[in-house]
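Peer 1: dropping the sequence and predicted coords here.
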Amino acid sequence: MPDYDVSAALDTDYYAVFRDVPEEDRELWKRARTFADDTLAEITQAWDAAEYPVHLVRRLGELDLLTDGVQGPGLTPMSPLAAGLVNMEVSRGDGSMGTVIAVQGGLALRSIAMFGSAEQKERWLVPLARGHELGSFALTEPDHGSDSVSLATSARRVVDGWVIDGEKKWIGNGAAGGVTVVWARDDEGAVRGFLVEQTAPGYRATVITGKASLRAIHQAHIVLDGVRVPDSALLPGARSFKDTARVLHATRLGVAWSALGHATAVFEAALSYSTQRTQFGKPLAAFQLVQERLAGMLAQLTSMQLHCRRLSELDAAGELDPTQASLAKYHNTRAARTIAATARDVLGGNGILLENHVIRHMADIESLHTYEGTESIQALLIGRALTGVSAFA
C-alpha cells in the first residue's frame, strides 16, 4: 500500500493576501505552525481515542498562543491579524486545539478581561493565558442553545454571596478542573457572570461522550446544585445579556479564521494527493475533472482569506461591526464544509482514513458551523442589519 504525504503545509495564497503580514505577526504565525506540525501525530491519535491531551493546552500557553488577542494586565499584545493567523494555523493542524483557543482565550479569558475586577484580573488572566489554569464559558443550556438569551440558570443573592442553580451543556473545559464563567439570571432577571471554581460543592460536570466531532477536547454537561460563591466571584462589569453578547461578537471572527484553517488543510491535502495518486496510468492531477474541483476549492478558499484579512483590518481600526463578523462566520463555515466534502471526494476511499486527515477536519467543521451562533442565527443577524426588521421569534 502506498503512503501519501498530505499533511505538509503548502502556504496556499493565490492572491498574496498574506504576503505583507508584519514580521511580528508572522513570528506568531510561525510559532503556531510549529505547534501544529509537531503535535499532528499525537493529536490524530487523541482524536481517534476521544482523549483530551491537556498538556498540549499548557504547551500553547508556553508558546503564548492562547490569548486570542485579548488585552489585559500581564498579557502579551497580539494584533487582530496575528490572533487570526494563530487561530487559522492551529486549526489547520487540528480543530480541537483551535477550539481550546476559542474557549480558553476567546471566551473565558476575554470575559474576565472585559468585565472582571482588578483582583479577578490579577488572579486569573496570566494563569489562563499561560495554560497554568483551565477556563470555560458556561452559557448554553440543555434547553437553550440558539435562544441563549432565555437562559434559566439562576443566581440568588444571600447574606454571604450568591447561590447558583441550573444546568449547562456543551461547555468546553467544563470538566477540566479549572474555573468556569457561569452566566445566570439574578433576582431581578438580569444576566450576570460569575467565576465558579470547578471544585466548588454542588458543581458537577460530566464529560459528554459519543461525539463524532472535536473529539480531542472534552465538553461537559454541568449541573449547578446550590453552588455558593462569594460576592468576589461576580464579574462586576457584566450587567446584562448585551454584555454576554459582546464576548460572543468578539470571538465570532475567530471562528471564521478557524474555518479557514480547516479549509486550507483539506484543500492542500487534496492537492497533494492528486499529484501522488495514480489511476488509469496517470496522476489524478492530470484529469480534467480533478483540476476543475481543485480550481473550485481554491476560489472558495481565496474568498475565505479575503474575508478574514479585511475584517482583521477593520478590527484593528476599531471599526468592526458585529454583523460583519457574523457574515464572515456565515460565509467561511459554509465554504469550509463545501471544500471539505470536495476534498474527501478527491481522495476517494482514502479520504475517510484518519491518517489522511481530511475526514477529521470534515467532522470538526460541523462543530464550527454550529457554535458561536448557528448558520440560521447568523443569517437573521445579517438580515436584521440589512432590512432594519427583526425576524427573530
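Peer 2: Good, I have the coordinates.
Peer 1: mind giving me the domain ranges of the protein?
Peer 2: With domains defined by automatic domain parsing, the chain comprises 23-129, 135-239, 242-387.
Peer 1: centre of the chain to the last one, how far?
Peer 2: Averaged C-alpha coordinates place domain 242-387 at 13 Å from its chain's average position (C-alpha atoms, centre = their mean, to the nearest Å).
Peer 1: what average pLDDT does it get?
Peer 2: For domain 242-387, mean pLDDT is 96.
Peer 1: of the domains of the chain, which is nearest residue 14?
Peer 2: Checking these against residue 14 by C-beta to C-beta gives domain 242-387 as the closest, at 5.2 Å. Yep, even glycine has a C-beta here, placed from its N, CA and C like the rest.
Peer 1: ends of the closest one, what's the gap?
Peer 2: 21 Å (C-alpha to C-alpha, to the nearest Å).
Peer 1: let's have the chain start at 40 instead
Peer 2: With the count now opening at 40, the last piece we talked about shows up as domain 281-426.
Peer 1: ok, back up a step: let's have the domains of the chain in JSON lines, adding distance to residue 54.
Peer 2: Shown next, in JSON lines, are these (distance: least, C-beta to C-beta, whole Å):
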{"stretch": "domain 62-168", "distance to residue 54": "15"}
{"stretch": "domain 174-278", "distance to residue 54": "30"}
{"stretch": "domain 281-426", "distance to residue 54": "5"}
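Peer 1: tabulate the ones you listed (JSON lines), appending mean neighbour count.
Peer 2: JSON lines is the format used below for the domains of the chain (neighbours: other C-beta atoms under 10 Å):
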{"stretch": "domain 62-168", "mean neighbour count": "21"}
{"stretch": "domain 174-278", "mean neighbour count": "19"}
{"stretch": "domain 281-426", "mean neighbour count": "20"}
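Peer 1: how about the ones you listed, which one is nearest residue 43?
Peer 2: Proximity to residue 43 (C-beta to C-beta) singles out domain 281-426 among those, at 5.2 Å.
Peer 1: which among the domains of the chain is found nearest to residue 55?
Peer 2: domain 281-426 (9.9 Å).
Peer 1: can you classify the nearest residue to residue 194 once chain neighbours are set aside by secondary structure?
Peer 2: Leaving aside its sequence neighbours, residue 194 sits nearest to residue 223 (C-beta to C-beta, 6 or more residues apart in numbering; 4.0 Å). Under DSSP: H, G, I helix; E, B strand; the rest coil, the three-state class of residue 223 is strand.
Peer 1: ok, residue 223 to residue 193 distance?
Peer 2: 6 Å (C-beta to C-beta, to the nearest Å).
Peer 1: common neighbours of the two, please.
Peer 2: Common contacts of residue 223 and residue 193, defined by C-beta atoms under 8 Å, 6 or more residues apart in numbering, comprise 203, 205.
Peer 1: quick one on the thing from earlier: tell me the pLDDT of the residue nearest to residue 194.
Peer 2: pLDDT, residue 223: 97.
Peer 1: equivalent analysis for residue 41, please.
Peer 2: Looking at residue 41, its pLDDT is 65.
Peer 1: same check on the one 10 residues further on?
Peer 2: On the pLDDT scale, residue 51 is placed at 98.
Peer 1: contacts only, for the residue nearest to residue 194.
Peer 2: Contact partners of residue 223, counting by C-beta under 8 Å, 6+ apart, are 190, 192, 193, 194, 203, 205, 230, 231, 233.
Peer 1: in a markdown table: those residues, plus pLDDT and secondary structure.
Peer 2: Shown next, in a markdown table, are these (pLDDT from 0 to 100; DSSP: H, G, I helix; E, B strand; the rest coil):
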| residue | pLDDT | secondary structure |
| --- | --- | --- |
| 190 | 93 | coil |
| 192 | 97 | coil |
| 193 | 97 | strand |
| 194 | 97 | strand |
| 203 | 98 | strand |
| 205 | 97 | strand |
| 230 | 96 | strand |
| 231 | 97 | strand |
| 233 | 98 | strand |
